[in-house]
Each structure stands twice: as structure tokens, then as C-alpha cells.
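# show me the folded form of this:
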Amino acid sequence: MQQTSETTHRLRARTFTCMGTVISLTVPTEAHKAPQAAADELAAATAVVERLFTELDSIFSLYRADSEASRLMRGELSLPAASAEMRARYEEAAGWRLLTEGAFTPERPDGALDLSGIVKGHAIREAGMSLLALGMANWCLNAGGDVLVSGSPHPGSDAPWRAGIVDPADRRTLLAGFPLGGLPLGGYPSGEKTADGGTPAALATSGSAERGDHIWSATARAAEFLQVSVAAADVVTADVLATAIVAGGIPMLNRATAMWDIEALAVRANGELLATGGFRR
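Here you go, the predicted model:
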């Protein structure tokens, strides 16, 4: 069931459930638009996003007996005979396995193919492209705590969206906040920019507190981190690296921050925090 809400900042949101999580689309209501027109636009955009998530879930869900993923798991379908979408996501995941030296892998420890670690990020990425194609410049898409934004909650300004990170020790408490988006090619309020001239538009959190059943690793390291959050220019990079750092521990954290233009906040098993400069600020 979808719900509609409005805040004092004139933000409207609609939600739906898919892939075992709650997905919400939030947009600012522009002053010149009639309330009903704004509500209709949001409903239409949410329907596009929901349809995309549903289509991908029908392919990749391991909780649906009729999905391609389940058929692959049972050995009823081979990867070369699978759909182009399935093969493309496997190729993407396999590429990340090489880049992370096995900290992220599309195979479970028993050898079974499981693309859960990349599918949600891909769905968010595709949904974001669809929203931009619809002409929507300002929005925030949240899928189970993984966030992708465009523009600003205050259209025409450089004000960023604010994403919150939950404390894994107390789910009622926010551990930190992080600014995302703002004007295209803008920066943090301090003016910082990423290496490509943009700002982080995505934030993903991974760990045992965030549905960690998809976290495993060829590196087989003991769990050093309870939770890792990564901010990056794109949501797949943020999602994959958050999972890889949880799986690969300190060595993967060092590799990720050296190789990719990201910000990271890691919660160690003893509660200690490790943070890059963007999160410390």
C-alpha cells in the first residue's frame, strides 16, 4: 500500500515495498505547482520506479520460486542461457570481484550464484535514470537505507539533502548525518568537490544490522566491522564498496579509500568509529 506525506519543508513522499524492503521517493513541492498536479506527478514517478523494482525482483529474487535466480540456483538454467539482464549483472559483479580482490563476490561460499549484493544498487541506479528521463531534477530515493539523490530539497539552491546513518547498537539513534547532492557540479557547504567535479549523490550502508545475509567474501576474514557506510558519486559503487569493506575488513577499507573517490564511516566490533575526512567534518 502506498502512503503520501508532507513536511513543513513542502516535501512529499510515496512509499512501496519490494525486494524485501521499503522504498520511498521524496520530492520537493514547487510553489508554482497546484497541489493536485504535484501529487499526480509524484504518483506517476513512483509508479515508474515501482514497476522497475518489481521487474528486477522477478528476475533476481531468491525468494520467488519462478525467478531466473531461483532457477539458476536449482540448476534448471545455465548462466549462458539466462537473460541479457542476468548476464549483465553477473558480469558487473564479477568485475567488482576483481577490483576488490575477492572482498565482493557474486558467489556464495557454497559456490551458488547470488547477485543480491548488486541488484538493489542497480535498481536504484536505473530508477534514478528513469526519474531524470521524466524531467525530475530534485528528488531523494531511499531503498532500505541506501540513498540516491538529485538536486536539492530546496530547488534552485545549493542546499544538500541530509542522509542519516543509524547506530547499529541502537536502531533508534542516528550515528551520523551526511550531505548529499545540491546543485549539479556543486560541493558540500564548504565547497568541496569530488575528483570528477561533482558531489556524493549516493550513500549506502552495509552490515549485520542492515540485512547482512548477502555479505560473504573469498577473503574469509573475521568480522572486523559491524557496519560500514560509504558515500560516493554513484549508488552501485557506494553499495558494493560498503559490502566489500564489511567482508574484507581493514585491508579493504584502506584499498577502497585509496582507489575510489569515496567517504566512509566504519563501526568496529568494539564500537570504535573509523571515518574519512568527509564524515569527520
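# in space, what's closest to Ala94 - neighbours in sequence excluded?
Sequence neighbours aside, Pro106 is the residue nearest to Ala94 in space, at 6.2 Å (criterion: CB to CB, 6 or more residues apart in numbering). In this view, the C-beta of every residue, glycine as well, is placed from N, C-alpha and C.
# and that neighbour, how many neighbours?
20 (other CB atoms under 10 Å).
# low-confidence ranges in the stretch 1-150 of the chain?
For the stretch 1-150 of the chain, the stretches with pLDDT under 70 are 1-9, 31.
# show me where it has helices.
35-60, 68-74, 84-99, 116-133 (DSSP state H, counting those that start in this stretch).
# could I get those helices as TSV with distance to Ala258?
Below are those laid out as TSV (distance: least, CB to CB, whole Å):
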stretch	distance to Ala258
helix 35-60	31
helix 68-74	33
helix 84-99	12
helix 116-133	21
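# which of those helices sits most buried?
Among those, helix 116-133 has the highest mean neighbour count (mean count of other CB atoms under 10 Å), at a mean of 20.
# which elements pack onto that one?
Helix 116-133 is packed against helix 35-60, helix 84-99, strand 139-143, strand 146-150, helix 235-259, with contacts defined by 3 or more CB pairs under 8 Å, 6 or more residues apart in numbering; DSSP states H and E.
# make JSON lines from those and add distance to Asp110 to it.
Formatted as JSON lines, these follow (distance: least, CB to CB, whole Å):
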{"stretch": "helix 35-60", "distance to Asp110": "18"}
{"stretch": "helix 84-99", "distance to Asp110": "16"}
{"stretch": "strand 139-143", "distance to Asp110": "27"}
{"stretch": "strand 146-150", "distance to Asp110": "26"}
{"stretch": "helix 235-259", "distance to Asp110": "16"}
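# any idea which of those gets closest to Ala159?
Relative to Ala159, the nearest member of the helices and strands packed on helix 116-133 by CB to CB is strand 146-150, separated by 11.4 Å.
# partner strands of the closest one, parallel or antiparallel?
Under the criterion DSSP bridges, strand 146-150 sits next to strand 139-143 (antiparallel), strand 202-207 (antiparallel) in its sheet.
# so what strands line up beside the helix or strand just after it?
Using DSSP states H and E, the next helix or strand after strand 146-150 towards the C-terminus is strand 161-167. Sheet pairing of strand 161-167 (DSSP bridges) gives strand 170-180 (antiparallel).
# ok now the strand it pairs with, how far from the chain's centre?
Remark: strand 170-180 is offset 16 Å from the chain centroid, using CA atoms, centre = their mean, to the nearest Å.
# pLDDT of that strand, averaged?
Summarised as a single mean, pLDDT over strand 170-180 is 93.
# in it, what's buried?
Within strand 170-180, the residues that qualify as buried are 175-176, 178-180, counting by 16 or more other CB atoms under 10 Å.
# re the thing from before, out of the helices of the stretch 1-150 of the chain, the one nearest Met259 is which?
helix 84-99 (7.6 Å).
# can I get the closest one in PDB, CA atoms only?
Extracted C-alpha coordinates of helix 84-99, given in PDB (Å, rounded to 0.1, in the frame of the first residue of the first chain):
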ATOM      1  CA  ALA A  84      20.700 -10.500 -21.000                       C
ATOM      2  CA  GLU A  85      19.900  -8.700 -17.800                       C
ATOM      3  CA  MET A  86      21.100 -11.600 -15.600                       C
ATOM      4  CA  ARG A  87      24.300 -12.000 -17.600                       C
ATOM      5  CA  ALA A  88      25.000  -8.200 -17.500                       C
ATOM      6  CA  ARG A  89      24.600  -8.100 -13.700                       C
ATOM      7  CA  TYR A  90      26.800 -11.100 -13.300                       C
ATOM      8  CA  GLU A  91      29.500  -9.500 -15.500                       C
ATOM      9  CA  GLU A  92      29.300  -6.300 -13.400                       C
ATOM     10  CA  ALA A  93      29.500  -8.200 -10.200                       C
ATOM     11  CA  ALA A  94      32.400 -10.300 -11.400                       C
ATOM     12  CA  GLY A  95      34.200  -7.100 -12.400                       C
ATOM     13  CA  TRP A  96      33.800  -5.800  -8.800                       C
ATOM     14  CA  ARG A  97      35.200  -9.100  -7.500                       C
ATOM     15  CA  LEU A  98      38.400  -8.400  -9.400                       C
ATOM     16  CA  LEU A  99      38.600  -4.800  -8.300                       C
END
